[in-house]
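J.: okay, predicted coordinates and the sequence, questions at the end:
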Amino acid sequence: MPVFRHHPPHVTTITRFLPQGTEVTAHAHDVHQIVYAGRGVLTVTTDAGSWVTPATRAIWIPAGTVHEHRAHGDTDLHTVGVPLDADPLGLDRPAVLAVGPLLRELIIAYSGTAGRRTAEARRLLAVLLDQLRHTPLQALHLPRARDPRLAAVCAALRADPADPRPLAALGAAAGASERTLARLFRAELGMTFPQWRTQLRLHHALVLLTRDGPALSVTAIAHRCGWASASAFIDAFRRSFGHTPGAHRDRYGATAPGTAAGRTRSRRPRSASPSATRS
């Protein structure tokens, strides 16, 4: 599994291809950063939890936030460094941003400048930041549990999102009542147990849709993630992302035609060194 170490703190605007399973070690930046996966899926993890970014979403990471990345499926990574005095969002914690066609192209174009201070790059960044001011935030966050009983329940479901046990049965295994766990989900994670489990299953579905190798059917993914039927999965996925799982794989899968990852399938990929640069 390739592991990338982080560039010097000032290198925050890059474009890079990450092979499936690549991990970017924990690091922080002195400026804010936008992290976007043009293809594939990227998860960003901090002490507060994890965020997932398919190609219709980006992640805003405030300056000073220690975070790490993991690529699920071959991933085209684009990052944009945002100066402290140009912050258009005013957020003190990571957030998931909706990415429409214009914002997508701006992120890809600006990340390709590698942060060079040309007149064209400054104009691109100005338009990009203006778009961010009108970008809605999305709920694709899995907060990290602090209470050990709640953490045990969350860990069990992360290991098997299809686990069908109700909260009472999960609580019995963790040494907590259903009522206590329900209270902890709302108090610590800011959502109910059904809401958290749906978020977890959607995260897992995004990973399975972009994973390299033989493609799983939508029905198989639905069952692996815990939905009773493919139709229930498709409905939940469409409500969250605006399109079906099949359409998502066709448009944004790691090996879709025309992507950096797709193009490299026809040639032998270069091996990644464990001591390679970070991002």
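T.: Cool, got the structure. Numbers count the residues shown, from 1 in each chain.

J.: what packs against the longest helix anywhere in the chain?
T.: In the chain, taking DSSP state H as the definition, the longest helix is helix 193-210. Judged by 3 or more Cβ pairs under 8 Å, 6 or more residues apart in numbering; DSSP states H and E, helix 193-210 is in contact with strand 32-46, strand 49-53, strand 67-82, strand 141-143, helix 148-159, helix 218-225, helix 230-241, helix 245-252. Backbone N, C-alpha and C define where each C-beta goes, glycine included.

J.: go with 7 Å
T.: strand 32-46, strand 67-82, strand 141-143, helix 148-159, helix 218-225, helix 230-241, helix 245-252 (3 or more Cβ pairs under 7 Å, 6 or more residues apart in numbering; DSSP states H and E).

J.: so where's the stretch 101-250 of the chain uncertain?
T.: In the predicted model of the stretch 101-250 of the chain, residues 139, 212-214 satisfy pLDDT under 70.

J.: give me the number of residues near the spatially closest residue to V207 that is not a sequence neighbour?
T.: In space, and not counting its chain neighbours, V207 is closest to H72: 4.2 Å by Cβ to Cβ, 6 or more residues apart in numbering. Neighbourhood size, H72 [other Cβ atoms under 10 Å]: 26.

J.: surely H72 meets A205?
T.: No. Assessed by Cβ atoms under 7 Å, H72 is found out of contact with A205, at 10.9 Å.

J.: can you tell me the closest non-neighbouring residue to P83?
T.: Closest to P83 by Cβ to Cβ, 6+ apart is V31, at 5.7 Å.

J.: around that neighbour, how many other residues sit close by?
T.: 21.

J.: wait, what's in contact with L124?
T.: Residues near L124 by Cβ atoms under 7 Å, 6 or more residues apart in numbering: L106, A109, Y110.

J.: try 8 Å
T.: L106, A109, Y110, T113 (Cβ atoms under 8 Å, 6 or more residues apart in numbering).

J.: most neighbours, which of these?
T.: Taking other Cβ under 10 Å as the neighbour criterion, Y110 ranks highest of the contacts of L124 with 26 neighbours.

J.: surely that one and V80 touch.
T.: Yes. Checked against Cβ atoms under 8 Å, the pair Y110 and V80 is within contact range at 5.5 Å.

J.: list the residues that contact both of those two?
T.: Listed as contacting both Y110 and V80 by Cβ under 8 Å, 6+ apart are T13, L125, L128.

J.: mind listing which of those residues are in helices?
T.: If you go by DSSP H, these have L125, L128 in helices.

J.: I'd like the shared contacts of Y110 and V80 laid out as CSV, including distance to P94.
T.: Shown next, in CSV, are these (distance: Cβ to Cβ, whole Å):
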residue, distance to P94
T13, 18
L125, 20
L128, 18
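
J.: quick check, nearest of the shared contacts of Y110 and V80 to L42?
T.: T13 (16.1 Å; Cβ to Cβ).

J.: for the spatially closest residue to the closest one that is not a sequence neighbour, give its distance to P83.
T.: Closest residue to T13 apart from its sequence neighbours, by Cβ to Cβ, 6+ apart: G115 at 3.7 Å. Distance, G115 to P83, using Cβ to Cβ, to the nearest Å: 11 Å.

J.: before we move on, the earlier item: could you give the separation of the longest helix of the chain from the chain centroid?
T.: With Cα atoms, centre = their mean, to the nearest Å as the basis, helix 193-210 stands 11 Å off its chain's centre.

J.: out of G115 and P83, which sits in the more crowded spot?
T.: More neighbours surround G115 than the other of G115 and P83, with 17 against 13 (other Cβ under 10 Å).

J.: surely that one meets H29?
T.: No. Judged on Cβ under 8 Å, G115 makes no contact with H29 at a distance of 11.6 Å.

J.: and stretch 144-152, end to end?
T.: With Cα to Cα, to the nearest Å as the measure, stretch 144-152 spans 11 Å from end to end.

J.: contacts for that stretch, please.
T.: Here stretch 144-152 has contacts from 47-50, 153-154, 171, 173-176, 180-181, 184-185, 188-189, using Cβ under 8 Å, 6+ apart.

J.: hmm, 7 Å instead?
T.: Where contact means Cβ under 7 Å, 6+ apart, the residues beyond stretch 144-152 that reach it are D47, A48, G49, C154, A174, G175, A176, L181, L184, F185, E188, L189.

J.: what is the nearest of those residues to V66?
T.: Set against V66, the nearest of these by Cβ to Cβ is D47 (7.1 Å).
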